[in-house]
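*Asks:* Mind folding the following:
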Amino acid sequence: MNNLSERLFKLRKDKKLSQEEVADRLNVTRQTISKWETDQSMPDFDKIVPLCKLYGITPNELFIELKEKNTSKESAIDLEENLKISKKAKGIAISVVLYFLAVIWTMLAIPVMRMNPIVASAIFLLICAIATGIIIYVCIKYKKIKVSKETEIDKLRKQITNIMAIIVTIIYLIISFKTMAWHLTWIIWIIFGLFTEILKLIFMLRGFNDEK
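*Replies:* Down below sits the predicted model:
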């Protein structure tokens, strides 16, 4: 039942009236009162004033209270939504840092630290796996409560990401075919992944600040 139907039911019970008694005083059928209280229909406009008089309240009191309840509920949902956005942003930020560390590790482990390439690659993949796991976890755990329409900011972010994906693909193929260093050029996609996550984080934080 919605708030209006619940409110009408409670008011009638508070007055210790039956549906038949209310129906008689308003010159309607008992089924009509039942439909009002079970959210199957709403009172006609010309029945609002006599209904409120019967229950000892004014129309303003009836609808102002309903509005306050709805506003309070929406505020609670918005607060929870903002908290989820904040936690999700922190999780993605940690993942971005881990991806950077993975790239830095790859650049230092073999040429500088003279580490075994297999061991260095395993550590690199482990760091990337942890970062990816964090992203998946926060995206699932802190998903949106309500589905909202795609905003202009979301559309802009997707357009930028799509354009960058095409550019990166072209750069990757050109460099790979010229150098034939396919075992190294795949790092370009790691950099692209970092870029998309940073872009997502920036737009997410911007939307979070706009909501405030």
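*Asks:* Now name the helix or strand holding I170.
*Replies:* If you go by DSSP states H and E, I170 is part of helix 152-179.
*Asks:* Show me what that helix is packed up against.
*Replies:* For helix 152-179, the elements it packs on are helix 182-185, helix 187-211, judged by 3 or more C-beta pairs under 8 Å, 6 or more residues apart in numbering; DSSP states H and E. (Glycine included, C-beta is placed from N, CA and C.)
*Asks:* can you tell me the average pLDDT over the first one?
*Replies:* Think helix 182-185. Mean pLDDT, computed over helix 182-185, is 72.
*Asks:* Quick one: residues in contact with stretch 50-58.
*Replies:* 8, 11-12, 14-15, 17, 22, 25-26, 43, 59, 61-62 (C-beta atoms under 8 Å, 6 or more residues apart in numbering).
*Asks:* For the helix holding I170, which residues meet the burial criterion?
*Replies:* Neighbour counts over helix 152-179 (16 or more other C-beta atoms under 10 Å) mark R157, V168, Y172, S176 as buried.
*Asks:* Check what pLDDT the residue of the chain positioned farthest from its centre gets.
*Replies:* Of all residues in the chain, D24 has its C-alpha farthest from the mean position, at 48.5 Å, by C-alpha atoms, centre = their mean. D24 carries a pLDDT value of 92.
*Asks:* and K87, what does it touch?
*Replies:* K87 is in contact with V138, Y142, counting by C-beta under 8 Å, 6+ apart.
*Asks:* Does it lie in a helix or a strand, and which?
*Replies:* If you go by DSSP H and E, K87 is part of helix 59-109.
*Asks:* Which neighbouring elements make contact with the helix or strand following that helix?
*Replies:* Per DSSP H and E, the first helix or strand lying C-terminal to helix 59-109 is helix 117-141. Secondary-structure packing of helix 117-141 (3+ C-beta pairs under 8 Å, 6+ apart): helix 59-109.
*Asks:* pLDDT (mean, whole number) over the helix it packs on?
*Replies:* Averaging pLDDT along helix 59-109 gives 70.
*Asks:* Kindly report the same for stretch 120-128.
*Replies:* The model assigns stretch 120-128 a mean pLDDT of 83.
*Asks:* Can I get that stretch as CSV, trimmed to CA atoms?
*Replies:* Taking Å, rounded to 0.1, in the frame of the first residue of the first chain, the C-alpha atoms of stretch 120-128 are listed here in CSV:
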residue,chain,number,x,y,z
ALA,A,120,58.6,-10.6,-12.1
SER,A,121,55.7,-11.3,-14.4
ALA,A,122,54.0,-13.4,-11.8
ILE,A,123,54.2,-10.6,-9.2
PHE,A,124,52.9,-8.1,-11.9
LEU,A,125,49.9,-10.3,-12.7
LEU,A,126,49.2,-10.8,-9.0
ILE,A,127,49.1,-7.1,-8.4
CYS,A,128,46.8,-6.6,-11.4
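*Asks:* per the record, what domains does the protein have?
*Replies:* 3-57, 70-211 (automatic domain parsing).
*Asks:* Any idea how far apart the tips of the first one sit?
*Replies:* Meaning domain 3-57. Domain 3-57 has an end-to-end distance of 16 Å (C-alpha to C-alpha, to the nearest Å).
*Asks:* Much appreciated, bye for now.
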